[in-house]
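1. A predicted structure for the sequence below; I have some questions about it.
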There are 2 protein chains.
Amino acid sequence: MKSLKLTTLVAATAVALSAFSLPALAAEKVYKLKMAETWATNFPIFGDAPRNMVRIAEEMSGGRLKITIDSANKHKAPLGVFDMVRSGQYDLGHSASYYWKGKVPNTVYFTTMPFGMTAPEQYGWFYYGDGMKLMEKVYQPFGLLSFPGGNTGVQMGGWFRKEINSVEDLQGLKMRIPGFAGEVLAKLGAKPTNIPPGELYTALERNTIDALEWVGPSLDLRMGFHKIAPYYYTGWHEPATELQFLVNERTWKKLPDDLREILRVAMKVSAYDMYIQSYHESGVNWATMKSEYPDIQVKTFPQPVLNAMKKANDELLTEEAAKDPLAKEIIDSQAAYMKTARVWSNISDRAYLESVDRLDQ
Amino acid sequence: MKSLKLTTLVAATAVALSAFSLPALAAEKVYKLKMAETWATNFPIFGDAPRNMVRIAEEMSGGRLKITIDSANKHKAPLGVFDMVRSGQYDLGHSASYYWKGKVPNTVYFTTMPFGMTAPEQYGWFYYGDGMKLMEKVYQPFGLLSFPGGNTGVQMGGWFRKEINSVEDLQGLKMRIPGFAGEVLAKLGAKPTNIPPGELYTALERNTIDALEWVGPSLDLRMGFHKIAPYYYTGWHEPATELQFLVNERTWKKLPDDLREILRVAMKVSAYDMYIQSYHESGVNWATMKSEYPDIQVKTFPQPVLNAMKKANDELLTEEAAKDPLAKEIIDSQAAYMKTARVWSNISDRAYLESVDRLDQ
């Protein structure tokens, strides 16, 4: 009897409460969501971005948004995140868009492009140019929403057992290199492949591959690649690698407006934070590398090799644009945006860094 | 009678509701806060950052955080924001830390420094180095919290009526230039001053000043300075100008945990967004400038002038560090951080931008 009376009271007061402009009781529901990440358990930086996102979203929602993260160790499908979020097995994912290029070719353009935009240029394209709109065009047919998920900044060109002195040295080279850059190297005779992060060291050690690129000083040193492949090349292929948050559209639609905004902002701020964290760790680890691993030989690809890569890259872009109108729209949008933004990059940050170097010390 | 009964019902059910683990009614209180900004009404970019912050905070809180913004046109004290937030006349402010250097000398270090860090380096110092901790040390005694409020990127060196060909040309030059850079120019014989943004054009037109720096192409063109002062110099003095959100500590303390986190994240994300918006607008406006204002003469200060500025800057930093232990702590922290981060800036973004320029086109 007593509990019945209580129920009546609650129902009656819910109406009364709404008359005082307080949120409806439905808004207090706790949403428990599941996220799959491509990374192994406790993987630094890449794994910090989704963890920061989840913590911020839970705190801002007063506990109404609770997201658990399964790492690759749990779900065993590091490169299956797209499928698992698409099917609804997971509500969210944290990965990289270019991992899906074999499945949906146009996903390749939303991570980074060889000889492409730097991080502030690319964020400009996403948020103030057409980037977000074009990414939606690519992902919407699969019932997925995609958001920037954290930037590494300029990636290093990778670890090589042998020096690359000419384009001929790329012939038959087995290299782990994902994204459009893999296609560029294939055009020049190399054999690119993608391998999940957790298997990279073993693949290099057992000669499954001759070379690999992973990220840069922020993450490479702890992987130990320098013990097997001492030539460390500067970057050309991933000037601003942006990771990705994926959200199942059905999950997104069932969230109330405030939680949707909390999720959107939590993803955005943790992506920006990862860019800054990567910048920070790169500086710190570069200093460590110089003092503790003096045998690492930092190299830049010879100019003829870079020119051949650029030529192959341009030809591939022309081919892709001819095949698919949406690919053309994305490629043209990126090229136009970069042209305008690059003038500013050169006169601002680059000119400033150069001028400081010319000063009397 | 009826309303009395309703009150009783609400009170009774508030207890019942809490037994069902729903948020206490107190958490549903609407917090109405007031913010003062240094900028004039509808001032672009600088004014967009606080407006974005307010909109995001309101949406994420489901309307529980409502912040109204008074522009300089309303409160009439563009350079009085520090005092008005300190006194509690306003709960929040949006301004720039270096505007308070006459009042609290150590506030000058948290906006940007001549020959100092670039935007990603400085965000690294704030969030992954000691920046936030040191800023708290400076603001806490005044009952204020200070947060990054949006970055302009590298600022241009300013608009001059006459060319600067030697250090002697700086003698007696009346220039609007705030922050530490003003002190550098004073040491070289110039007469620096700060003038609120809304009065800049008139001051230049009426010869109150001979030159001024404002921001860069993102904001300068619409101010019309080029009509009076056609020499536009590249930057040395503000490589990464970070605006500022100020929060009165009493306001901060009365907010519940979730709203405090919403406010913190809304400020952080809108600051990052302003950096990207500035980058975007700078590229777009630079292109406009080149096509529509061909008479603007873009110049770089001669190397002897830059060397003299750097020498004066270093001497001033040494003087400030000798005067105050906290100033020394901040100066040393920035120098050490920049040294580590700059190696990475040079090998990543700068080397990449340079290498792309060397490619066959």
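-> Done, it's in.
2. which residues sit against the host helix or strand of residue A:243?
-> Per DSSP states H and E, residue A:243 falls inside strand A:242-248. Among residues not part of strand A:242-248, those counted as contacts by Cβ atoms under 8 Å, 6 or more residues apart in numbering or on different chains are A:46, A:49-50, A:53, A:81-82, A:85-86, A:88, A:90-97, A:110-112, A:119, A:122, A:126, A:139, A:143-152, A:263, A:267, A:271, A:274. Any C-beta I mention is one placed from the backbone N, CA and C, and that applies to glycine too.
3. can you tell me the closest non-neighbouring residue to the residue most central in space within chain A?
-> Nearest residue to the geometric centre of chain A (Cα atoms, centre = their mean): residue A:243, 1.2 Å. Distances taken as Cβ to Cβ, 6 or more residues apart in numbering or on different chains place residue A:149 nearest to residue A:243, at 3.7 Å, with adjacent residues excluded.
4. on the three-state scheme, that neighbour is what?
-> Three-state call for residue A:149 (DSSP: H, G, I helix; E, B strand; the rest coil): strand.
5. also the one 4 residues further on?
-> The three-state label for residue A:153, taken from three-state DSSP, comes out as coil.
6. that one reaches residue A:279, doesn't it?
-> Yes - Residue A:153 is within contact range of residue A:279, at 5.5 Å (criterion: Cβ atoms under 8 Å).
7. and for those two, which residues touch both?
-> residue B:120.
8. any idea how far chain B is from the residue nearest to the centre of chain A?
-> For residue A:243, the distance to chain B equals 16 Å [Cβ to the nearest Cβ, to the nearest Å].
9. go on, residue A:354?
-> Taken as Cβ to the nearest Cβ, the span from residue A:354 to chain B is 7 Å.
10. need the contact list for that residue.
-> Neighbouring residues of residue A:354 by Cβ under 8 Å, 6+ apart: residue B:350.
11. for the helix or strand containing it, list every residue counted as buried.
-> Residue A:354 belongs to helix A:351-358 when elements are defined using DSSP H and E. Across helix A:351-358, burial judged by 16 or more other Cβ atoms under 10 Å in any protein chain shown covers A:351-353, A:355-356.
12. how about stretch A:123-141?
-> The neighbour-count check on stretch A:123-141 (16+ other Cβ under 10 Å) flags A:123-132, A:134-135, A:138-139 as buried.
13. just those: which are in helices?
-> A:123-128, A:131-132, A:134-135, A:138-139 (DSSP state H).
14. pretty sure residue A:98 is touching residue A:178, no?
-> Yes - using Cβ under 8 Å, residue A:98 is in contact with residue A:178, at 5.6 Å.
15. quick one, strands of the stretch 51-200 of chain A?
-> A:65-70, A:92-95, A:144-151, A:158-160, A:174-176, A:191-193 (DSSP state E, counting those that start in this stretch).
16. and the last one, what does it pack onto?
-> Right, the one you point to is strand A:191-193. When contacts are defined as 3 or more Cβ pairs under 8 Å, 6 or more residues apart in numbering or on different chains; DSSP states H and E, strand A:191-193 sits against strand A:174-176, helix A:179-187.
17. ok, back up a step: most tightly packed of the strands of the stretch 51-200 of chain A?
-> strand A:92-95 (a mean of 27; mean count of other Cβ atoms under 10 Å in any protein chain shown).
18. which elements pack onto it?
-> strand A:31-37, helix A:81-87, strand A:242-248.
19. just name the most buried of these.
-> strand A:242-248 (a mean of 26).
20. quick check: mean pLDDT of that one?
-> Averaged over strand A:242-248, pLDDT sits at 98.
21. taking helix A:131-139 as reference, get the angle to that strand.
-> 50 degrees (axes from the mean of the first three to the mean of the last three Cα atoms, to 10 degrees).
22. hang on, the earlier thing: helices or strands next to the helix or strand following the strand holding residue A:243 in the packing?
-> Once the chain leaves strand A:242-248, the next helix or strand it forms, by DSSP H and E, is helix A:249-254. In terms of contacts (3+ Cβ pairs under 8 Å, 6+ apart), helix A:249-254 is packed against strand A:144-151.
23. run the angle between the strand it packs on and strand A:242-248 for me.
-> Using the same axes, to 10 degrees: strand A:144-151 against strand A:242-248 is 150 degrees.
24. which parts of the stretch 251-361 of chain A are helices?
-> Secondary structure of the stretch 251-361 of chain A by DSSP state H, counting those that start in this stretch: the helices cover A:257-292, A:303-323, A:325-345, A:351-358.
25. residues in contact with residue A:140?
-> Contacts of residue A:140 by Cβ under 8 Å, 6+ apart are residue A:249.
26. quick check: the gap between the closest residue to residue A:264 other than its chain neighbours and chain B.
-> Of all residues not flanking residue A:264 in the chain, residue A:147 sits nearest, at 7.3 Å (Cβ to Cβ, 6+ apart). Counting by Cβ to the nearest Cβ, the gap from residue A:147 to chain B is 13 Å.
27. same question for residue A:51.
-> On the measure of Cβ to the nearest Cβ, residue A:51 and chain B end up 15 Å apart.
28. ok, residue A:322 next?
-> Taking Cβ to the nearest Cβ, one finds residue A:322 at 21 Å from chain B.
29. which bits of the stretch 101-250 of chain A sit near chain B?
-> Residues of the stretch 101-250 of chain A lying near chain B by Cβ under 8 Å from any Cβ of the partner chain: A:115, A:118-121, A:123-124, A:127-129, A:153-154, A:216-217, A:234-236, A:239.
30. give me the buried entries from those residues.
-> Among these, the ones that count as buried by 16+ other Cβ under 10 Å are A:115, A:118-121, A:123-124, A:127-129, A:153-154, A:216-217, A:234-236, A:239.
31. so residue A:191 touches residue A:172, yeah?
-> Yes - Residue A:191 lies in contact with residue A:172 (Cβ under 8 Å); the separation is 6.4 Å.
32. quick check: bridge partners of the nearest residue to residue A:50 once chain neighbours are set aside?
-> In space, and not counting its chain neighbours, residue A:50 is closest to residue A:94: 4.1 Å by Cβ to Cβ, 6+ apart. Beta bridges link residue A:94 to residue A:37, residue A:245, judged by DSSP bridges.
33. identify the residues contacting the nearest residue to residue A:127 once chain neighbours are set aside.
-> Spatial nearest neighbour of residue A:127, excluding adjacent residues (Cβ to Cβ, 6+ apart): residue B:276 at 5.7 Å. Residue B:276 sits next to A:120, A:123-124, A:127-128 when contact means Cβ under 8 Å, 6+ apart.
34. make JSON lines out of these and add pLDDT and distance to residue B:257.
-> Formatted as JSON lines, the contacts of residue B:276 follow (pLDDT from 0 to 100; distance: Cβ to Cβ, whole Å):
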{"residue": "A:120", "pLDDT": "98", "distance to residue B:257": "33"}
{"residue": "A:123", "pLDDT": "98", "distance to residue B:257": "30"}
{"residue": "A:124", "pLDDT": "98", "distance to residue B:257": "34"}
{"residue": "A:127", "pLDDT": "98", "distance to residue B:257": "29"}
{"residue": "A:128", "pLDDT": "98", "distance to residue B:257": "33"}
